[in-house]
Each structure stands twice: as structure tokens, then as C-alpha cells.
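> Any chance you can model this:
(4 chains)
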Protein chains: 2
Amino acid sequence: MVHTSGVVSRAELTARTGLNRSTVADLVRELSQRGLVAEGSPLATGAPGRPSPSVTVRTDGIYVLALDVKVDSVAAATVSLGGHRLASKRVARPRSRRDISTVLDALAGLGTELMEELPDTQRLVGIGVSIVGLVPRSDAMVEVTPNLGWSDVPLAEALRARLRRRVPIVVSNDGDAGALGERVHGVARGIDDLLYVSGEVGIGGGIIAGGRALGGAVGHAGEIGHTLVDPQGEPCRCGARGCWETVIGEAALLRRAGLPEDGGQRAVSQLRGAALRGDDAALAAMEAVGRWLGLGLAGLVNVLNPQLIVLGGLHGEFHRFLAASAAEELERNSLVARGSPTGIVPAMFGVDSSLIGAAEDALQPLLRDPMTWPSWNAGDTSPDGFTGAISVE
Amino acid sequence: MVHTSGVVSRAELTARTGLNRSTVADLVRELSQRGLVAEGSPLATGAPGRPSPSVTVRTDGIYVLALDVKVDSVAAATVSLGGHRLASKRVARPRSRRDISTVLDALAGLGTELMEELPDTQRLVGIGVSIVGLVPRSDAMVEVTPNLGWSDVPLAEALRARLRRRVPIVVSNDGDAGALGERVHGVARGIDDLLYVSGEVGIGGGIIAGGRALGGAVGHAGEIGHTLVDPQGEPCRCGARGCWETVIGEAALLRRAGLPEDGGQRAVSQLRGAALRGDDAALAAMEAVGRWLGLGLAGLVNVLNPQLIVLGGLHGEFHRFLAASAAEELERNSLVARGSPTGIVPAMFGVDSSLIGAAEDALQPLLRDPMTWPSWNAGDTSPDGFTGAISVE
DNA sequence: TTCGTTTCGTTGTCTGCCCCAACGAAACAT
DNA sequence: ATGTTTCGTTGGGGCAGACAACGAAACGAA
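Reported below is the predicted structural model:
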């Protein structure tokens, strides 16, 4: 709770947990002794009564490394409790290069660089990786990434060998991580039912239902880019025909705007400029993609009834140009949306939602049980650099 | 756990709960004192070691009344712990009659009739109602039932007035109830990720994800009948165009088979007969509907990644005729299904899945906390007939 | 400024849930 | 007949968190 809020009064913790004042005091003391939170002077509320001391996350105790693999770029960040990015770096990478080893080397290099910036007293507790591809829940083997051309990559192992840190490495799907990031620290804070759409070259998605990530039987849920919207549509990379991705993906958007559909980031920049200038073709392309976006969302809203739809990546960036037509089409085509108003908002973290989500994933074990986790007092640095459980995943 | 299993050994309860033997013994003793379970002689297992006594649900202690409103029929059942139907009755009703009061009178009459069959020692603890329509999570007001022509019906209140029993009444959507029923006592027992499709006049659905019902923001999730499958398709009752329902619903099936599309149960019977005889037109209709079924399922599987798909109602009945083509189309069109094999099976309870689910809903408060619930020993029958919390919903 | 009110932290006590260990009982295997 | 395995039973104990009483720290009205 302190992690998601950043700062909370102890009284508020009491109210929100439903625990007794004494219990909350005990817990806060213990967390404080472990170097995870700090108690501060009361926040001026203006309300009568004795003021309650504030509890703040410490950003100088522990941290996690977050890594992100997209089609056009890789990124890394060091993230502390509270979701604060201590440092963050994203570098473009040529789309054509399919050599896995090179990508992983670059990624690990980025991560190492950022970790070395931090003082020795700050301790790494986990590594979270988000990648555009199917990631099963059971292990860290990435099964298929149609948009990268990879398959069956033991990502966690490969990164462990390069990073040489004895901490758990968790791998998750780009869409799932984005949803998590936006829910915990972004625009969807506190929202229990949300749909996150990450539009890039392909369309990914992440679903949070009833406050929990929807993973499905093996963790493959959320592949919303491959829902059918037009049985007579174009063939898709996935083998089917008329997938949503084929009408709202980057290629479709560029093509409609009269730009080269494999133009990559350059073409997207051109499109952005054109749209901002009010160029007719660009705006028409946006509007048309917005309609297909809304049409696909209508089906998803009927199935999932989310409270909020968060657009990440491409569609988040172009939210202002396509949200209106998407919302209109959603309203027209969704029985559920008519009875349960569903907002469509851009992601707070832009392309970095999944990076924040990956960090959150890596923090999970600590957050789930901060008390039995080894303590990170500045004093007791173990020679090994890591004293906790050494799990592979 | 005893409720879902019917009979379990105490040792198995220990293993499955992770609790201590002593604790389990205590709990079983208390449940037994409350008249909810009975301890029996050990089941012959043939394994070495001291045999463990069996624990059975008592079917003569408490019961719930389950009610079900479909387009063509209404049904009632009295259901005990363990999901045993003590009595059950379904009556057809003319589809044209839209008079709400008449339907509710008939339904309440059915319920009263079944309850009066039971001895006075058996105590009613709740009433569960399933209905084909949108039911918000927050209250018992049924918002819209496109297929019945009702809107904004205070169903719980109306039934309370007719049934005159002071127990909680819970109302839920037909699809959600069906999914629950099949999961707890039917073909999907113990499966944590499943999609239930109830094909009738309209197509309803129920989703269980991660072991919990997926309700969405206001409880409207699972309206899978209105996902888009063909933007150039026919208009649907819901206001959109090309909904799944328009190509796999009863009307579509009958039309393809050359039967009157509003022929109702009679026409469906004719179709069944024709299919069983091997009539070409009937089989071709089944096959075509199976293809559309699989196509729609492909999208849903991509989004939800269920472990199992349960076909209820019409499609459950005709499973043998359409499952093959549906499975083929699913495999072809779903990226997720290819990596995570997804079975398609008919519902165990046929049209009554939702009836069992409604009963399960009504049992929930008792199951959630059987210890603080008032005890139902034969001795302490209160004059009022109900001693527990008197909640409206 | 003073005093009542409100809200909160602190401390000691207590309860309920569950674990644990030792012992004996009831089955199977040899 | 004896060892092995699995289990129920009993008494003891630990721990999280509730509860109640007291004092402290703010605000508002006189």
C-alpha cells in the first residue's frame, strides 16, 4: 500500500487495511527497520484531531532492474520502491536485425551500465523483463515472437548469464506488463477492470480483471491483436485472416496515410508531423484507424466489461487523433459499453508502460512478503551481494 | 471442499487445505455439529496405513431454491449441499408472451411447489435466480433482456413478494451461472480458466478466469454473443451489425437448415431429428454454424486463453455435429489455441447448467463462512423460519 | 489564551486460529 | 506375528491481530 501510494499517513493505512492501529504501528516499525519505508512528520491536513505521521517509501534501499524488448527498441531502467525510476534508457535498434545474441548483448549492456551508476549500498532484489511475444506462465522460455522472428528463446537464462546477478529473473509479455504498469503507477491506478492496448508493429494487450492479471490457462491471454474483425480481411502473420492487427497496426495506419508501410520510426514521425499540421490524409487515416479500433474494442468490451481502456504505444501517442472516432464506434457497437460507460485514455508512461510493469513484476516477491525477505539495512551487506532465495525464475 | 467433492477423506482434506490434522479434525467436528456434513466409515482405498474417515455432505440439512428464466422456458429446483438436486422442474412457455408478471407468477409457483415437497426440518438458506439478460453486480435489478423484451425489472423484489421467504435472493446472468454450475459440479470441475457458451435464441457466455468469475466493472462481462465477426453482416438486436449471435444463434442455424427461423422448439426438434437421420441439409447447416462457432471462439481464445470451452444449450445439444468443424476453425485461426490446446466439450447439465449455477450462487454466503452461519440442527427451528442475516440481496 | 473536542499513538492484555510433538490405533506387507 | 505406514487424538504453545485504557497533539470556540 505504501508502495502504490508513495506517501500515506499511518491513520490512512489503518483505515484502508482494516487492521488495528496497534497492528499498523507494528508493521510500519518493522518495515522501517528493514529499510523499506521511512516515517516522516505528519502531513498538514487541516483536519481536527491529532495528526498522523506519514509513511514514505525509501528509494535508496532496494531496487530492481527492468528490461524491455520491443520491435524497434530495447530499454532498461533501475526502479526503486514506489515505482520511481532511478535511471532509464531506451535505445533504438534496427528492425531488420534478427540476431538474438546481439539484441541480448545490447540489452544486458544497458542494464549493467545503469546498475553500475548506483551506490553499493543500494541492493538489487530482482530483474523483470518485458518482451513482445508469447510468454508462458510456467517458465521463462519465450515461445514465439512473431514480430521479432524469434521462437523458443530461454530468455531468463540468457540474460542471467550476461548480467551475472544472483537474483530472480521474471519474464512477462509486453501487454501484460504494460497493463500492470499503468494500473499500479499510471493512469489506471486503483482500477480493477481494465484493458490495456499496446499498439506497435503488432497489437498486444493486457487485461486486468477483478484486480488481477488475466493470464489464462498457460499465460497466453491478452493476444487481442489477433481477434477477428473481418473474415474477408487480409492475411495476418499469425496465420489467420482479418485480424484486428491488420487494420489498426502500424502498417495499416501508414498505408492509409499514404506512407510506406514498412517505413518504421521515420514514417511514424512523418505521420505525426502531418497530423499535427492538420494534413487531411493523415487525419483521415487516423480517423479510419480509430473506427476500426473502436469496432474491435466493442467486442472486447462486450466480453470483458472493463472500466477503462488504456491505449499504449502507437495508439496512445495518437490518442487525440483517433479516440473520438473510436469512442463513437465503441458506443455504437457495444451493448455493454452503452450500459457501462467505458473511458479510453492514453497511457501515462507512453512506450515505457511495460518497463514500469516489468519492474513491478520483479518487485512482486518482495511486496508479497516484505517481512521474511532478507533485510537491506545499510549495515548488513553480505559479501555475496545477495542473501535471499536463489530461484531460477 | 466437501461441497464440491461430495465425499472426501479427512486425510485428503488435510493434504488439500495444507492445514494441520488437528485443525481439520476440529473443523469437521464443528461442521458436523452444525448439521452440514457427516462423518462416515473410511472408504476402502487399498493403501497401507490407517484408513481415514470419510466426510460427506448432508443433503437433508439445508437447501436453496434455484430459479431459471430462459426465452423458451422457466425452471426451478431445490438443491442441497453437494449440488444435489432434490427436485427439479422445467416448463415451456410461449415465446411470444412478454408479460412479466405472468412469467414471474409461474416461476414463483414452480418454486413454491418444489419447496412444499420438502420436510419442515429442511431449511431454506437462499434463493438463486439465473436469467437471460444483463444483471449488474451491484443490485438485483435486471437491466436489459433483449431476448425477452424486458428492461429494468426489479427481479429480486418481485420474486421476494411472491415467494414470501425471508432469505437472501441473488440474481445472476444466465451465462455466468452456467459457467459456475459446470465448473463446480459439471464437466469443468476444478478448471480455473474456462469459457462457457450458452447458445439459445441469443448467445450468452460466462467466463471463469484464474478460478474466479469474470464480471467486469459492473458485472456485464461475458456478452460474447455480440462480438463482431463480420462487419458486413446482418444487423443484430443489440444495434450493432455482424454480431456472432447473428451467425450461430438458433435463427441462423434453422435458416441454414431450411427450417423456419422463428420455429422455436418445434423446429429445433425437427432439426435434431434430421441431423440424427443424417439429413444432408441439416448436417451442412451444423457444419457451417460450427465453422462460425470456431471462428468466434478463436478470437475469444486469443483474448482469454481458456483451458476448456464448454458448450451449453443449443450448441451443447448439437455438440457432436458441430464440434469438429469448430475445433478445426479454432485451430486455424487462433494463435493462442495452437500453443495451448483448448478442448471443446458439451455441458454436463444441458440446459440446466445455469440452474445449478444459480443454486451455487445462493449457497455462496453459507460456503464462504459456514461457521458463523446460524446452525441448522433439527432441534433449534426458530418460529420465524429464518434466523440469519436478513439482507435484501 | 484557555478549554473542550477530535483524532491518533502507545502499551499491555487477551483471544482465536492454527501448528507441533508424542502417543496410540488401524490398515497393509512380509 | 511383526514391521511399516498412515492416521486420529490430545495437550501444549506460538503468533497475529483485536481491544481497551491512557496520554499526546492538533483544531475550534469562548
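> Ends of stretch A:42-49, what's the gap?
12 Å (CA to CA, to the nearest Å).
> what's it in contact with?
Where contact means CB atoms under 8 Å, 6 or more residues apart in numbering or on different chains, the residues beyond stretch A:42-49 that reach it are A:7, A:9, A:51-54. To be clear about C-beta, it is placed using only N, CA and C from the backbone, and glycine gets the same treatment.
> Select from those residues every entry located in helices.
Nothing among these maps onto helices, per DSSP state H.
> So A:Val289: helix, strand or coil?
helix (DSSP: H, G, I helix; E, B strand; the rest coil).
> Count the residues that sit near it.
Neighbour count for A:Val289, taken as other CB atoms under 10 Å in any protein chain shown: 26.
> Could you do A:Pro51 as well?
Count around A:Pro51 with other CB under 10 Å applied: 15.
> ok, now which ones touch it?
Contacts of A:Pro51 (CB under 8 Å, 6+ apart): A:9, A:42-45.
> what would the contacts of stretch A:42-49 look like in a markdown table with pLDDT and distance to A:Gly205?
Shown next, in a markdown table, are the contacts of stretch A:42-49 (pLDDT from 0 to 100; distance: CB to CB, whole Å):
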| residue | pLDDT | distance to A:Gly205 |
| --- | --- | --- |
| A:Val7 | 90 | 32 |
| A:Ser9 | 90 | 37 |
| A:Pro51 | 87 | 44 |
| A:Ser52 | 89 | 40 |
| A:Pro53 | 89 | 41 |
| A:Ser54 | 91 | 37 |
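> and the host helix or strand of A:Val129, what other elements does it pack with?
Applying DSSP states H and E as the criterion places A:Val129 in strand A:123-131. Applying 3 or more CB pairs under 8 Å, 6 or more residues apart in numbering or on different chains; DSSP states H and E, we find strand A:123-131 packed against strand A:62-69, helix A:155-163, strand A:169-173, helix A:174-185, helix A:353-368.
> Just want the angle from the longest one to strand A:169-173.
For helix A:353-368 and strand A:169-173, the angle between their directions (axes from the mean of the first three to the mean of the last three CA atoms, to 10 degrees) works out to 130 degrees.
> Give me the buried positions along helix A:353-368.
A:353-363, A:365-367 (16 or more other CB atoms under 10 Å in any protein chain shown).
> who are the neighbours of that helix, in terms of helices and strands?
strand A:62-69, strand A:73-80, strand A:123-131, strand A:169-173, helix A:174-185, strand A:194-199, strand A:308-312.
> Please tabulate those in a markdown table, including the columns mean pLDDT.
Converted to a markdown table, the helices and strands packed on helix A:353-368 look like this (pLDDT from 0 to 100):
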| stretch | mean pLDDT |
| --- | --- |
| strand A:62-69 | 96 |
| strand A:73-80 | 96 |
| strand A:123-131 | 95 |
| strand A:169-173 | 93 |
| helix A:174-185 | 97 |
| strand A:194-199 | 95 |
| strand A:308-312 | 98 |
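> Could you dump those into TSV with mean neighbour count added?
Formatted as TSV, the helices and strands packed on helix A:353-368 follow (neighbours: other CB atoms under 10 Å in any protein chain shown):
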stretch	mean neighbour count
strand A:62-69	28
strand A:73-80	22
strand A:123-131	25
strand A:169-173	26
helix A:174-185	30
strand A:194-199	30
strand A:308-312	27
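> would a markdown table of those with distance to A:Ala347 be doable?
Shown next, in a markdown table, are these (distance: least, CB to CB, whole Å):
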| stretch | distance to A:Ala347 |
| --- | --- |
| strand A:62-69 | 14 |
| strand A:73-80 | 15 |
| strand A:123-131 | 14 |
| strand A:169-173 | 16 |
| helix A:174-185 | 5 |
| strand A:194-199 | 7 |
| strand A:308-312 | 4 |
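> Which single residue of the stretch 201-350 of chain A ends up nearest DNA strand D?
When scored by CB to the nearest atom of the strand, the stretch 201-350 of chain A has A:Gly211 as its residue closest to DNA strand D, at 19.2 Å.
> Dihedrals phi and psi, A:Ala92?
A:Ala92 adopts backbone torsions of phi -70, psi 160, taken as degrees, to the nearest 10.
> Mark out where each domain of chain A begins and ends.
A:2-57, A:62-177+A:352-368, A:189-347 (automatic domain parsing).
> hey, which of these is tucked in deepest?
domain A:189-347 (a mean of 22; mean count of other CB atoms under 10 Å in any protein chain shown).
> Just the endpoints, please. Distance across it?
End-to-end distance (CA to CA), domain A:189-347: 11 Å.
> still on that earlier bit, ok, which of the contacts of A:Pro51 also contact DNA strand C?
Among these, the residues within reach of DNA strand C (CB under 7 Å from any atom of the strand) are A:Ser9.
> rewinding a little: looking at the contacts of stretch A:42-49, which is nearest A:Val79?
A:Val7 (17.6 Å; CB to CB).
> hey, which helix or strand in chain A has the poorest pLDDT?
strand A:141-145 (a mean of 69; mean pLDDT, DSSP states H and E).
> so the closest residue to A:Gly202 other than its chain neighbours, which of the three states?
Once flanking residues are discounted, A:Gly202 sits nearest to A:Asn147: 4.5 Å by CB to CB, 6 or more residues apart in numbering or on different chains. Classification of A:Asn147 by three-state DSSP places it in coil.
> for chain A, what are the low-confidence residue spans?
A:96-98, A:139-144, A:146, A:373-393 (pLDDT under 70).
> run the last query once more with 50
Chain A contains residues with pLDDT under 50 at A:376-393.
> what residues does it put near DNA strand D?
Checking chain A against DNA strand D by CB under 7 Å from any atom of the strand, the hits are A:18-23, A:27, A:42, A:44, A:46-51.
> Would you mind confirming that A:Gly263 is in contact with A:Ser269?
No: at 9.2 Å, A:Gly263 and A:Ser269 do not qualify as touching, with contact defined as CB atoms under 8 Å.
> residues in contact with the closest residue to the residue of the stretch 201-350 of chain A closest to DNA strand D other than its chain neighbours?
Ranked by CB to CB, 6+ apart and with sequence neighbours excluded, the top spatial neighbour of A:Gly211 is A:Asp192, at 4.1 Å. With contact taken as CB under 8 Å, 6+ apart, A:Asp192 is in contact with A:208-211, A:307, B:217.
> Please apply the same query to A:Leu86.
A:Leu86 touches A:59, A:63, A:77-80, A:114, A:117-118, counting by CB under 8 Å, 6+ apart.
> possible to save these as CSV with distance to B:Val289?
What follows is the contacts of A:Leu86, written out as CSV (distance: CB to CB, whole Å):
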residue, distance to B:Val289
A:Thr59, 58
A:Tyr63, 56
A:Ala77, 50
A:Thr78, 55
A:Val79, 51
A:Ser80, 55
A:Leu114, 56
A:Glu117, 61
A:Leu118, 61
